[in-house]
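Novice: 3D model of this:
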Amino acid sequence: MIGVLVVDGGFELVCGEASFGGRRHLDDATVAGLEGFARRYGELLERHDPSEDLFTLGRDLFRFLDGDGGDLSALIDRAPPPLHFEIATMVRRPSPAELTLLRAPWELLATDRGFLAADVGLGFGPVRRLGRPETPSALDPWRLGLTFMAAAPRGAKELDFEGEEVAVMGAVGATELDLFVEESGDPDELGARLVEVSTMQVLHLSCHGDNAWRPKGHPEASPKPVLLLEDQDGDERPTDADALIETLQERSPRLVFLSACLSAAAAERRDGSYGYPLLEDPPFSRSGAVTQSLAEALVGGGVPAVLGWDGSVRDVAAIAFAAELYAGLAARKTLPGAVAVARRRLLTAAEEVLRRDWHLARVWLGPQGGGAIVGGSARRAMMPATHGEKEFLIKERRQVPVASHEMFVGRRRELQTAQRALRDGRHVGVLVHGMGRLGKSSLAARIANRRRDLKLAVVFEHYGALDVLAALAEAVRLHREAFDAVE
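Specialist: All right, here's what the predicted structure looks like:
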């Protein structure tokens, strides 16, 4: 291990078997100092341009770990790059004092020369680990498999789900990625789909998050972090850590990316802003238990690795980060390494809107988390990510253009309705009808894309019995060829 080992009410910097500076206690003064760092960070997140003060905070955090003896500087000189820097505790339920150390914004660590995260040669990738490390299960032979579910309840601000999906496909490439999209936004439907795609290494949830949610009409209730997912009718379904853990138990992927604001933020402030407690308002529930972020709770519930946002992240930054992350994972980088590259992509971006959120991503690991998550390049026996587009385009070229992934936007409710009808067992199919040039063929192509468990046959212009049989025969032939290629 390289980083900060938290144990027995104290901490020390370690690199393998070597310790730098000896044990330091998490006494009242040290904890107050760490809470002060958190408070400053929370206040800076509310500023329009906090870059200079974030750098100052990063240097102060470095001096804190460096101590009087230059401990952190010595560790960095000793450790081989890339510097996958763990802040780790040997227990899954750390004490409140230990949590102040774990939750500090170590992503900001900086020297007078700049942020450590900007140094390509150093490869600085901080992660937080709960529990004694264990040997992870062996990697399978599959290429990167991504289960993607987006949610935006009726009345909520729409997120750029299609843009995120397209960016990931563009960065990884259709030949390097198996992508399965669950359109419902419903955690119950997600649980059923995870059984069907159990070999996928990553679950990506793109939605809104709230770390201080209370049931409507119950202001006295203790706030808790939730994802704002959807019920079967598309209405809001706040989903807390317990519900997510129940969904993921027995079928947890190697990585869950909670791409939702505040998904790695644990406690509300009294003024309701961001995820950092004031000194007089510690992150405890009314029962005295420590309030965990969603990311922490999922790791405590057995998920090997969770990635979340420790603040409110902008759509464009989340999309750019995800694209870079999955490109790295597909290339078999370790999780800390892929996150480090994605974080540096934001930090060094020309666009200010990307740079502002570079430090928000947080990685939490359980005993078996970390390391690479992709072990091979074998393609799963499923249709490609562009399933549906090619068949429709060939049949209808020059006559009925079909929108590509990049062009197809704003039809999520229609997709949800069609998907629900095809799954409920009470309907034999879906009829899409309407005037010309409304996008019916594009919608049909995207429905086919989402149901890659089904085989696609397209009948166009001529609809007699022999035409239908010919289309079915062609679909069977193409399926056999694709299956033989996988074998």
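Novice: Now Asp66. Nearest residue, chain neighbours left out?
Specialist: Leu72 (4.4 Å; Cβ to Cβ, 6 or more residues apart in numbering). Just so you know, the C-beta spots here come from the backbone N, C-alpha and C atoms, and that holds for glycine as well.
Novice: With only the CA atoms kept, save the helix or strand where the one you found lies in PDB.
Specialist: In the assignment (DSSP states H and E), Leu72 maps to helix 71-78. The C-alpha coordinates for helix 71-78 follow below in PDB (Å, rounded to 0.1, in the frame of the first residue of the first chain):
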ATOM      1  CA  ASP A  71       6.900  13.000   5.400                       C
ATOM      2  CA  LEU A  72       4.700  13.200   2.300                       C
ATOM      3  CA  SER A  73       7.600  14.600   0.200                       C
ATOM      4  CA  ALA A  74       9.700  11.700   1.300                       C
ATOM      5  CA  LEU A  75       7.000   9.200   0.400                       C
ATOM      6  CA  ILE A  76       6.500  10.700  -3.100                       C
ATOM      7  CA  ASP A  77      10.300  10.500  -3.700                       C
ATOM      8  CA  ARG A  78      10.300   6.800  -2.600                       C
END
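Novice: hmm, who's touching it?
Specialist: 2, 13-15, 18, 20-21, 62, 65-66, 83, 109, 122 (Cβ atoms under 8 Å, 6 or more residues apart in numbering).
Novice: Count the neighbours of the residue nearest to Asp66 for me.
Specialist: 24 (other Cβ atoms under 10 Å).
Novice: try Ala338
Specialist: By other Cβ under 10 Å, neighbour count at Ala338 equals 26.
Novice: That one: what's it in contact with?
Specialist: 324-329.
Novice: Mind doing that once more with 10 Å?
Specialist: 125, 255, 307, 324-332, 363, 372-374 (Cβ atoms under 10 Å, 6 or more residues apart in numbering).
Novice: Out of those residues, which sit inside helices?
Specialist: With helices taken from DSSP state H, the overlap with the contacts of Ala338 comprises 324-330.
Novice: where does the residue nearest to Gln232 when sequence neighbours are not counted fall, phi/psi-wise?
Specialist: In this structure, Gln232 finds its nearest non-sequential neighbour in Asp186, 5.9 Å apart by Cβ to Cβ, 6+ apart. Per-residue torsions, Asp186: phi -100, psi 130 (degrees, to the nearest 10).
Novice: For burial, what's the neighbour tally of Asp186?
Specialist: 23.
Novice: One more: the one 5 residues further on?
Specialist: Other residues near Gly191 number 18, with proximity taken as other Cβ under 10 Å.
Novice: Would you mark the buried spots in the helix or strand harbouring it?
Specialist: Using DSSP H and E, Gly191 sits in helix 187-196. Of the residues in helix 187-196, 187, 189-191, 193-194 count as buried by neighbour count, 16 or more other Cβ atoms under 10 Å.
Novice: what's the lowest-pLDDT member of these?
Specialist: On pLDDT alone, Arg193 ranks lowest of these, at 82.
Novice: quick one: contacts for that residue?
Specialist: So Arg193 contacts 147, 149, 180-184, 186, 200, 203, 251, 423, 453 (Cβ under 10 Å, 6+ apart).
Novice: Over to Glu352?
Specialist: 49, 51.
Novice: for Ala150, same thing?
Specialist: Counted by Cβ under 10 Å, 6+ apart, Ala150 has contacts 158-162, 164-165, 181-185, 204-207, 229-230, 259, 412.
Novice: Let me know the secondary structure of Leu469.
Specialist: helix (DSSP: H, G, I helix; E, B strand; the rest coil).
Novice: Just name the shakiest helix or strand of this structure by mean pLDDT.
Specialist: Lowest mean confidence among the helices and strands of the chain (mean pLDDT, DSSP states H and E): helix 389-396, at a mean of 52.
Novice: roughly how far apart are Leu159 and Leu179?
Specialist: 18 Å (Cβ to Cβ, to the nearest Å).
Novice: Which strand residues bridge Leu144?
Specialist: Leu177 (DSSP bridges).
Novice: burial count for it?
Specialist: Using other Cβ under 10 Å: Leu144 sits among 24 other residues.
Novice: and the nearest residue to His433 once chain neighbours are set aside, what does it touch?
Specialist: With sequence-adjacent residues excluded and distances taken as Cβ to Cβ, 6+ apart, His433 is closest to Lys440, at 7.2 Å. For Lys440, the contacting residues are 400, 414, 432-434, by Cβ under 10 Å, 6+ apart.
Novice: Check the secondary structure at the closest residue to Gly328 other than its chain neighbours for me.
Specialist: Nearest-residue entry for Gly328: Ala338, 3.1 Å, with adjacent residues in sequence omitted and distances by Cβ to Cβ, 6+ apart. Recorded secondary structure, Ala338: helix (three-state DSSP).
Novice: Can you lay out the buried residues of helix 187-196 as a markdown table showing distance to Pro215?
Specialist: Output for the buried residues of helix 187-196, formatted as a markdown table (distance: Cβ to Cβ, whole Å):
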| residue | distance to Pro215 |
| --- | --- |
| Pro187 | 17 |
| Glu189 | 23 |
| Leu190 | 22 |
| Gly191 | 23 |
| Arg193 | 28 |
| Leu194 | 27 |
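Novice: just those now: which is nearest Ala381?
Specialist: Taking Cβ to Cβ as the measure, Ala381 lies nearest Arg193 of the buried residues of helix 187-196, at 16.2 Å.
Novice: What segments of the stretch 1-150 of the chain are strands?
Specialist: 2-7, 10-15, 18-25, 84-89, 110-111, 114-115, 125-130, 144-150 (DSSP state E, counting those that start in this stretch).
Novice: And the fourth one, what does it pack against?
Specialist: Here strand 84-89 is seen to pack against strand 2-7, strand 10-15, helix 71-78, helix 96-103, strand 125-130, helix 335-347, strand 361-365 when contacts are counted using 3 or more Cβ pairs under 10 Å, 6 or more residues apart in numbering; DSSP states H and E.
Novice: same thing with the fifth one?
Specialist: If contacts are counted by 3+ Cβ pairs under 10 Å, 6+ apart, strand 110-111 sits against helix 51-66, helix 71-78.
Novice: Format those helices as TSV; extra columns: mean pLDDT and distance to Pro215.
Specialist: Listed next are the helices and strands packed on strand 110-111 as TSV, based on pLDDT from 0 to 100; distance: least, Cβ to Cβ, whole Å:
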stretch	mean pLDDT	distance to Pro215
helix 51-66	97	36
helix 71-78	97	44
